[in-house]
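> Could you work out the structure for the sequence below:
(chains A and B)
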Amino acid sequence: MLARLSEHLGPGVVDTHAYRGDHSAVIRREALIAALTFCRDDPALKFDMLIDVTAVDYLKYPGREDGPRFDVVYHLYSIPHNHRVRLKVAVEQDDAHVPTATSLWPIANWLEREVWDMYGIRFDGHPDLRRLLLYEEFVGHPLRKDYPINRRQPLIGPRV
Amino acid sequence: MGVGAFFTSKLDEAIGWARKYSIFQYPFVTACCGMEYMATACSHYDVDRFGAGLPRFSPRQADVLFVVGTISHKMAPVLKRIYDQMCEPKWVVAFGVCTCTGGFYDNYATVQGIDTIIPVDVYIPGCPPRPESVIDGLMKLQDKIAAGTQRF
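Numbers count the residues shown, from 1 in each chain, chains lettered A, B, ... in the order given. I've put the predicted structure just below:
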């Protein structure tokens, strides 16, 4: 599966990893939409279901101090083949945006809104990039590692 | 004690006795404590024995607001509004540790105790509280209702 993806995308695939049926591929941002489209449409892969879009903040992560700060992670599942894959895209803090996958899977709309809400990563071309879970008055993105753990932003009640 | 004061205090007592056995509750259920609330409300533990068997799903018809489950900052204005819509006399029960103090949700999203938003009469801690503690809290509330000055 990963070999087929690497073969098709060439330099678009930076790295692959497989361990006990758990397959991951690190994709360059420019090749992301091509990779997702290929995963969805290729008859041998047929990843017709987008399980989740999420992100990881690697701020001050041991061994990755100099690397890109965020990973955007896509989990895909194929109903006909019953197999799964994980695609990751690394993005820098100052350049935190990736192309949207809403044209491929409509569910990406809300999943990407959640990632924007929690991590502040923008999705280029998203039709409606608003916060999904938090309220509009909220300042910042709480799942970033530099968000203070005790910071509260109450709508009503005592300000803390 | 004059005849008038005697009469008022006895009337208060009678009204308090009546009120404590006719608790119309509004269950504001947001989280897992709701399961424990249902277990307590249903026939096995049966809050109907204490006259609290009829939950009203309109705040305008309720006397006691049961806040059951974690309240987030996004939900807080809704809770405040529900409380404001209830008619006097009214009481509030904080059900579960999340409503009492925020519980272990010491994070960006959770209200650290609903008493930062609305006044609370009885706190029932526990995660979730056992039905025995809920009934204990309900009986404490009954004592409070009966002992208070009755406005009408």
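
> got the contact list for the residue nearest to the spatial centre of chain B?
Nearest residue to the geometric centre of chain B (C-alpha atoms, centre = their mean): residue B:93, 2.9 Å. Residue B:93 makes contacts with B:64, B:65, B:66, B:67, B:120, B:121, B:122, B:123, B:124, B:137, B:138, B:141, as judged by C-beta atoms under 8 Å, 6 or more residues apart in numbering or on different chains. Glycine gets a C-beta too; all of them are placed from N, C-alpha and C.

> Next one: the fourth one relative to residue B:122, how far apart?
Right, the one you point to is residue B:67. From residue B:67 over to residue B:122 the distance is 11 Å, taken as C-beta to C-beta, to the nearest Å.

> you'd agree the residue nearest to the centre of chain B is in a strand?
Yes. Looking at residue B:93 with DSSP: H, G, I helix; E, B strand; the rest coil, it is inside a strand.

> any idea where the strands of chain A begin and end?
When secondary structure is read from DSSP state E, chain A shows strands at A:13-19, A:22-27, A:49-57, A:70-78, A:83-91, A:97-99, A:122-124.

> Of all these, which one is nearest chain B?
Distance to chain B, taken as C-beta to the nearest C-beta, is lowest for strand A:49-57 among those, at 14.5 Å.

> Just the angle for the closest one relative to strand A:83-91, thanks.
Strand A:49-57 runs at 40 degrees relative to strand A:83-91, counting by axes from the mean of the first three to the mean of the last three C-alpha atoms, to 10 degrees.

> okay, the closest residue in space to residue A:132 that isn't next to it in sequence: pLDDT?
Excluding its sequence neighbours, the residue lying closest to residue A:132 (C-beta to C-beta, 6 or more residues apart in numbering or on different chains) is residue A:113, at 3.9 Å. Per-residue pLDDT puts residue A:113 at 95.

> remind me which residues of the chain are low pLDDT?
Reading this off chain A. Scanning chain A with the threshold set as pLDDT under 70 gives A:159-160.

> that answer is for a different chain, and I need it for chain B
Residue ranges of chain B with pLDDT under 70: B:1.

> Would you state the helices of chain A in chain order?
Listed in chain order, the helices of chain A (DSSP state H) span A:2-9, A:32-41, A:108-119.

> What about residue A:117, how many residues nearby?
Using other C-beta atoms under 10 Å in any protein chain shown, residue A:117 has 19 other residues around it.

> Including distance to residue B:31 and mean neighbour count, could the strands of chain A go into JSON lines?
Converted to JSON lines, those look like this (distance: least, C-beta to C-beta, whole Å; neighbours: other C-beta atoms under 10 Å in any protein chain shown):
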{"stretch": "strand A:13-19", "distance to residue B:31": "36", "mean neighbour count": "13"}
{"stretch": "strand A:22-27", "distance to residue B:31": "33", "mean neighbour count": "18"}
{"stretch": "strand A:49-57", "distance to residue B:31": "23", "mean neighbour count": "18"}
{"stretch": "strand A:70-78", "distance to residue B:31": "27", "mean neighbour count": "20"}
{"stretch": "strand A:83-91", "distance to residue B:31": "31", "mean neighbour count": "19"}
{"stretch": "strand A:97-99", "distance to residue B:31": "33", "mean neighbour count": "19"}
{"stretch": "strand A:122-124", "distance to residue B:31": "30", "mean neighbour count": "16"}
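
> Pipe those strands into a markdown table and attach distance to residue B:149 per row.
Conversion of the strands of chain A to a markdown table gives the following (distance: least, C-beta to C-beta, whole Å):
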| stretch | distance to residue B:149 |
| --- | --- |
| strand A:13-19 | 70 |
| strand A:22-27 | 67 |
| strand A:49-57 | 55 |
| strand A:70-78 | 60 |
| strand A:83-91 | 63 |
| strand A:97-99 | 62 |
| strand A:122-124 | 59 |
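
> Relative to residue B:151, which of those is closest?
Among those, the nearest to residue B:151 by C-beta to C-beta is strand A:49-57 (53.5 Å).

> List the contacts of the closest one.
Residues from elsewhere that reach strand A:49-57 (C-beta under 8 Å, 6+ apart): A:69-79, A:84, A:101, A:104-105, A:107-108, A:111-112, A:114-115, A:118-119, A:121, A:143-145.

> That one versus strand A:70-78: what angle between them?
Relative orientation of strand A:49-57 with respect to strand A:70-78: 160 degrees, computed using the same axes, to 10 degrees.

> Which neighbours in the sheet does strand A:49-57 have, and how are they oriented?
Strand A:49-57 has the following strand partners under DSSP bridges: strand A:70-78 (antiparallel).

> Please save the CA atoms from the partner strand in CSV.
Extracted as CSV, the C-alpha positions of strand A:70-78 are listed here (Å, rounded to 0.1, in the frame of the first residue of the first chain):
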residue,chain,number,x,y,z
PHE,A,70,3.0,21.0,13.7
ASP,A,71,1.9,17.8,12.0
VAL,A,72,-1.5,17.6,10.4
VAL,A,73,-2.7,14.0,10.5
TYR,A,74,-5.2,12.3,8.2
HIS,A,75,-6.6,8.9,9.1
LEU,A,76,-8.2,7.1,6.2
TYR,A,77,-10.2,3.9,6.1
SER,A,78,-11.3,1.7,3.2
